[in-house]
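**Q** Fold the following.
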Amino acid sequence: ESGGFVYADDWLVSVTQAGKEALGTVPETQFQTGIVGIAAQTFVASPDLSVVNLPSSVKYVGDYAFYNCPKLYAFITNERGSSLRSIGEAAFANCGALANIRLHDGLLSIGAFAFMNCLAVTNNETYPYLLVPETVESIGQRAFYGTDLWNNPKEENNGVIYAGKWVVGYGDIRQSEVELIEDAEGIADFAFASCAALSGVQNLSNVSHIGVGAFQGCTALVSLSLPRSLETIEPQTFYGCSSLFSVGSTLPRTLRTVGDLAFAQCTTMESLDFSPTQVESVGLGAFWGCSSLNTITFDERLETIDDYAFFSCYSLTSLTLPASVKTIGERSFGWCLMLEDVTFGEGLERIGAFAFRNCESLTKIALPASVEEVGDYAFFRCSSVKELSLGEGLVRIGACAFSGLGIGQVVLPASVKEIGANAFRDCTQLTNVVMLGEIDYIGAHAFYNCIDLTVYAAMPLSAAAGWDGSWNSSYRPVFWNCGLSEEGVVLSVNVSDVSYPHPDPLYGCSSPVREGYDFLGWAASPDATEPEYDQDGWSEAPQDAVLYAVYAPIGK
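**A** Take a look at the predicted model:
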């Protein structure tokens, strides 16, 4: 401790009350050599603090660091080489006398409410970069609220409020089509939020950064063209822009990220083409509730589609995911009621829970070999699905993952080790399940209400000892130790290894399925062309018999 200053390593973490009361002008030399940061609330309510000359080594000014210092007039960084990178939330809020601010290149962020109610802060018309340096990449919401530049914006700026070359807010927007100053560099977080009068924005081409929620709730905003050099569409940027139809004919080639809720509830937008961009991730709920969105195209760089990304995009009819996509998040395409066709890329590894829940127009599911997990409820109640093809890399099928599908047959690859509870529940048209490998666990009611189902398993009954006791709660017949082809065609059954848990003839066996063929019955010889037993006649064969399936091409 020196002069009331308390340090922890290279950080100034507090000033004693006695030290605060003695402060006036603080030169660089009063700080510890090599100081890198001023912690949150360090100088709060210092009654006579008037001037701070910040050492060139300081990188961080913490939240509320100089909050409510009523006589603070000047905050000056070293023009010969400032290391300052960030100014925290409300760092200078309520410093009503603050009029002389000198910041320099290297500063990256100015936090929310940083200079709020600093009544004397004006735009430096001669040297605007002393207030907001060219290196700044983000300004938090209302960072300059209540300052002179906020309270008295220029008449010619049509109500748009600037700090340096950044848009930080708005006042009385008289013309709905706003034209920014030609050298505008950025738009602060929530700068135009809930601006009901705003219909369009011109001169965005040179803007490098558009902040979080910059246009959130601008319900009259119809169109704008995104800046050519934009890399990120920040979270909530256009959230609730219900009239937004277009963000330019071509999206920026530099674009890499679409943030959380970026276009959520943009109910008028019909199409987006990300193929010219470098987008790698689509954030949480990015297009949630875009009910008119019918076409979206992605580039081969896309890797992650986060939770709820396209939830309730009712008009989306077709989707092609590039091979670069590895993860589809939870509920990401849930309730896309018109989605008929999905092409999954060969690199996909995981489909999250509820990912396609209630996609009731979807007709086919074909998962590539790269898919290892289908999450809980992933395709729940996709009632129009008639075809289901599972890739040979699949390991886990989650609870209710395929419940309610209209499929007639499913082949479970040898890679499958876990099937969750109710996984195929209410697949009332399902007649055949073929299990190619040894499955470690099947949960309760996995095939409940599949009233015509017959299971053909390559594994012995003994290998199913760890399964839930209610896995086959609809009491469907199971043939164990079956001879099966790699494609899942039933070649033979062992009569002695049949589990037939219900005697009622309404619960008889279903014929095995082979694409392009009719099942004729069973025979004792693998070379037989005519059956000796019909589908249920296997029970008349000797108990130790092996019966072979007899097929004939359809129509012969």
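
**Q** give me the number of residues near residue 22?
**A** Residue 22 has 14 neighbouring residues, counting by other C-beta atoms under 10 Å. For every residue, glycine as well, the C-beta is placed using N, CA and C.

**Q** What is the neighbour count of residue 301?
**A** Residue 301: 16 neighbours (other C-beta under 10 Å).

**Q** My guess is it contacts residue 323. True?
**A** No: using C-beta atoms under 8 Å, residue 301 is not in contact with residue 323; the gap is 10.8 Å.

**Q** I believe residue 149 is in a helix; please confirm or correct that.
**A** Yes: assigned with DSSP: H, G, I helix; E, B strand; the rest coil, residue 149 falls within a helix.

**Q** List the contacts of the nearest residue to it once chain neighbours are set aside.
**A** The spatial neighbour of residue 149 that comes closest, neighbours along the chain excluded (C-beta to C-beta, 6 or more residues apart in numbering), is residue 123 at 4.8 Å. Listed by C-beta atoms under 8 Å, 6 or more residues apart in numbering, the contact set of residue 123 reads 131, 149, 162-164.

**Q** Highest neighbour count among those?
**A** The residue in these with the most neighbours, by other C-beta under 10 Å, is residue 163 (27 neighbours).

**Q** In contact with the closest residue to it other than its chain neighbours, which residues?
**A** Nearest non-adjacent residue to residue 163, counting by C-beta to C-beta, 6+ apart: residue 144, 4.7 Å away. The contact partners of residue 144, by C-beta under 8 Å, 6+ apart, come to 114-116, 118, 121, 150, 161, 163, 168-169.

**Q** Give me the buried entries from the residues you listed.
**A** Neighbour-count burial (16 or more other C-beta atoms under 10 Å) is assigned, among the contacts of residue 144, to 114-116, 118, 121, 150, 161, 163, 168-169.

**Q** and residue 90, what is it in contact with?
**A** For residue 90, the contact set (C-beta under 8 Å, 6+ apart) comprises 63-64, 67, 111-114, 116.

**Q** Touching the helix of greatest length in the chain from outside, list them.
**A** In the chain, assigned by DSSP state H, the helix with the most residues is helix 17-22. The contact list for helix 17-22, computed with C-beta under 8 Å, 6+ apart, reads 3-5, 43, 45-49.

**Q** which is the next helix or strand following that helix?
**A** For helix 17-22, the following helix or strand on the C-terminal side (DSSP states H and E) is strand 25-26.

**Q** Next secondary structure element downstream of that following strand?
**A** As assigned by DSSP H and E, the chain's next helix or strand after strand 25-26 is strand 37-38.

**Q** Sheet-wise, list the partners of that following strand with their directions.
**A** Sheet pairing here is set by DSSP bridges, and for strand 37-38 it gives strand 11-15 (parallel), strand 60-61 (parallel).

**Q** Give me whichever of these is most buried.
**A** Among these, strand 60-61 has the highest mean neighbour count (mean count of other C-beta atoms under 10 Å), at a mean of 24.

**Q** what element comes up after that strand heading to the C-terminus?
**A** strand 74-76.

**Q** name the helices or strands packed onto that next one?
**A** Where contact means 3 or more C-beta pairs under 8 Å, 6 or more residues apart in numbering; DSSP states H and E, strand 74-76 is packed against strand 51-53, strand 100-102.

**Q** ranking those by burial, who's on top?
**A** strand 51-53 (a mean of 20).

**Q** centroid residue for the chain?
**A** Centroid check for the chain by C-alpha atoms, centre = their mean gives residue 306 as the closest residue, at 1.9 Å.

**Q** check contacts around it.
**A** 260, 281-286, 329, 332.

**Q** again, but for residue 472
**A** By C-beta under 8 Å, 6+ apart, the contact set of residue 472 is 446-447, 455, 478, 501.

**Q** and what of residue 139?
**A** Neighbouring residues of residue 139 by C-beta under 8 Å, 6+ apart: 109-110, 114, 132, 163, 166, 168, 186, 188-189, 211.

**Q** Next one: it from residue 332, what distance?
**A** Distance, residue 139 to residue 332, by C-beta to C-beta, to the nearest Å: 31 Å.

**Q** does residue 385 sit in a helix, a strand or a coil?
**A** Residue 385 - assigned by three-state DSSP - is coil.

**Q** To clarify, my last question referred to residue 6.
**A** Once three-state DSSP is applied, residue 6 turns out strand.

**Q** For the stretch 401-550 of the chain, give me the ranges with low pLDDT.
**A** Residue ranges of the stretch 401-550 of the chain with pLDDT under 70: 505-506.

**Q** Could you pull out the helices in it for me?
**A** Counting by DSSP state H, counting those that start in this stretch, the stretch 401-550 of the chain forms no helices at all.

**Q** By neighbour count, which of the contacts of residue 472 wins?
**A** Of these, residue 446 is surrounded by the most neighbours, 27 neighbours in total, counting by other C-beta under 10 Å.

**Q** So that one is in contact with residue 418, correct?
**A** No: using C-beta under 8 Å, residue 446 is not in contact with residue 418, being 10.6 Å away.

**Q** Look up which helix or strand the nearest residue to residue 178 once chain neighbours are set aside falls in, please.
**A** Once flanking residues are discounted, residue 178 sits nearest to residue 201: 5.2 Å by C-beta to C-beta, 6+ apart. Using DSSP H and E, residue 201 maps to strand 200-202.

**Q** Given the helix or strand following that strand, what are its sheet partners and their directions?
**A** Next helix or strand after strand 200-202 toward the C-terminus (DSSP H and E): strand 209-210. Take DSSP bridges as the rule and strand 209-210 pairs in its sheet with strand 186-187 (parallel).

**Q** Understood, closing this out.
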